[in-house]
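>>> only geometry, no sequence info:
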C-alpha cells in the first residue's frame, strides 16, 4: 500500500471544498469592507463640524447660562406630551407655568422647537397658543419616526425659559 504523496506540488489541496469556502469567505469580507470604506470616504453625513471643540464649549456655556436663568426664574412648569407618539399623527401638547408666587405666566411667546438629532433637515418650529391663564397648547405631528428632542422656549419680556424632552416617535399607529 502506497501512502498519498504530501507535497507543496500537490494540486488536490486547492480543490478541497473547505479551502475554497474559506477563500470565498475571506473574499466576501474584504469586498464588503472595501465597499464600506469607499462609502465612508465619498459621502459625508455632515454630523461632525470642523470646529467641534469650540461648539462643544459654547454649548456647555449656554447650558450653564440657561440653567442659571431657569433657576433664577423659579417657575413651576408642566409639559404634557402623549404617552405614545406616532409619525404623521397629530396629537395635543400642553405647557403650563406659574411663577414662584403661584401667579400664572401669561402672554408669553411659547414655541416648540422640534429637533431630530439624525437629520437637521427634518427640524421644525411650532408656535403655541395660550388657551387659559398660564396654559398653552398646540396640536402637532412629527413627519418622521425616530428619536426627537422637544425643545421648549418660553419668552416673556426679558425672561427666557428653556426645557428639553427627548421622545421616541413610532412609525405607525397600531390602532
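The structure has been received and is ready for your questions. This one's a predicted model, so the numbers in the text were calculated from it and none came from an experiment. Residues are numbered from 1 along each chain as shown.
>>> Now do the helices in the chain.
17-42, 52-73 (DSSP state H).
>>> Now do residue 150: how many residues are near it, please.
20 (other CB atoms under 10 Å). In this view, the C-beta of every residue, glycine as well, is placed from N, C-alpha and C.
>>> thinking again about what came up before, just the helices of the chain: most buried one?
Mean neighbour count (mean count of other CB atoms under 10 Å) peaks for helix 52-73 among the helices of the chain, with a mean of 11.
>>> Show me what that helix packs onto, helices and strands only.
On a contact count with 3 or more CB pairs under 8 Å, 6 or more residues apart in numbering; DSSP states H and E, helix 52-73 meets strand 159-170.
>>> hang on, the earlier thing: in CSV: the helices of the chain, plus mean pLDDT and distance to residue 133.
Shown next, in CSV, are these (pLDDT from 0 to 100; distance: least, CB to CB, whole Å):
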stretch, mean pLDDT, distance to residue 133
helix 17-42, 92, 54
helix 52-73, 87, 17
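>>> Can I get those in TSV including distance to residue 104?
Shown next, in TSV, are the helices of the chain (distance: least, CB to CB, whole Å):
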stretch	distance to residue 104
helix 17-42	53
helix 52-73	14
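>>> got a list of what the residue positioned nearest the centre of the chain touches?
Among the residues of the chain, the one closest to the centroid is residue 117, at 3.2 Å (CA atoms, centre = their mean). Shown in contact with residue 117 (CB atoms under 8 Å, 6 or more residues apart in numbering): 147, 148, 149.
>>> Likewise for residue 71?
Residue 71 neighbours (CB under 8 Å, 6+ apart): none.
>>> how close does it get to residue 65?
From residue 71 across to residue 65, the span is 11 Å (CB to CB, to the nearest Å).
>>> Could you do residue 170 as well?
Distance of residue 170 to residue 65, given as CB to CB: 35 Å.
>>> and what of residue 27?
In this view, residue 27 and residue 65 are 56 Å apart by CB to CB.
>>> Just give me the neighbour total for residue 140.
Neighbour count for residue 140, taken as other CB under 10 Å: 15.
>>> From here on, call the first residue 361.
Let's use 361 as the start, then, which means that last one is residue 500.
>>> can you pull the pLDDT of it?
Per-residue pLDDT puts residue 500 at 92.
>>> And residue 458, by the same measure?
With respect to pLDDT, residue 458 scores 92.
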